[in-house]
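*Asks:* got a predicted structure plus its sequence, pasted below:
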Amino acid sequence: MSHYALLDENNIVKQVVVGVDDNQEDQLSTIYDCTVKRTSYNTKDNLHTKEGTPFRHTYAGIGMTYDETKDVFIPAEGYEWNDTYDKVLKLQPYSTWVLNGTTFQWESPVPVPDDAKETEYVYNNGTESWDEV
């Protein structure tokens, strides 16, 4: 089973549909009378959830833009194309955060607390610490 993004004339995702296999872009383009691009349900923020190869940056969602030149889906807000890394990246949250060159995720100068799965924290840039919410 594959997923496909239906695009409007400005390459904005207007709907995501389920297909049967990985090479139905042309067939679905004819059926829906629009440009159709395959998207991976297992890809988010340049990472593949099953340790495979990320596909088109992230799973397409309504309102995202498909960049034809770079062959990626770009979320509507909070992301941009980064020429240095040739990837779509979240915007750098603070000037002190550093990009991890393996995961392409921004990391704080102070590690997230070990109990972050049980307790909610927010990063405090003024004190460079994680504050419990």
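*Replies:* Perfect, I can see it now.

*Asks:* tell me where the protein has helices.
*Replies:* For the chain, the helices defined by DSSP state H cover 25-32.

*Asks:* could you chop it up by domain?
*Replies:* With domains defined by automatic domain parsing, the chain comprises 1-76, 92-133.

*Asks:* tell me, what's the model's pLDDT at the residue nearest to residue 96 when sequence neighbours are not counted?
*Replies:* Distance criterion Cβ to Cβ, 6 or more residues apart in numbering; nearest residue to residue 96, sequence neighbours excluded, is residue 109 at 5.1 Å. In short, each C-beta sits where N, CA and C put it, glycine included. We have a pLDDT of 95 for residue 109.

*Asks:* returning to that earlier point: which one of the domains of the chain lies closest to residue 84?
*Replies:* If you check each of the domains of the chain against residue 84 by Cβ to Cβ, domain 92-133 wins as the nearest, at 9.1 Å.

*Asks:* how far away from the center of its chain is that closest one?
*Replies:* 19 Å (Cα atoms, centre = their mean, to the nearest Å).

*Asks:* how long is that domain from one end to the other?
*Replies:* End-to-end distance of domain 92-133 (Cα to Cα, to the nearest Å): 22 Å.
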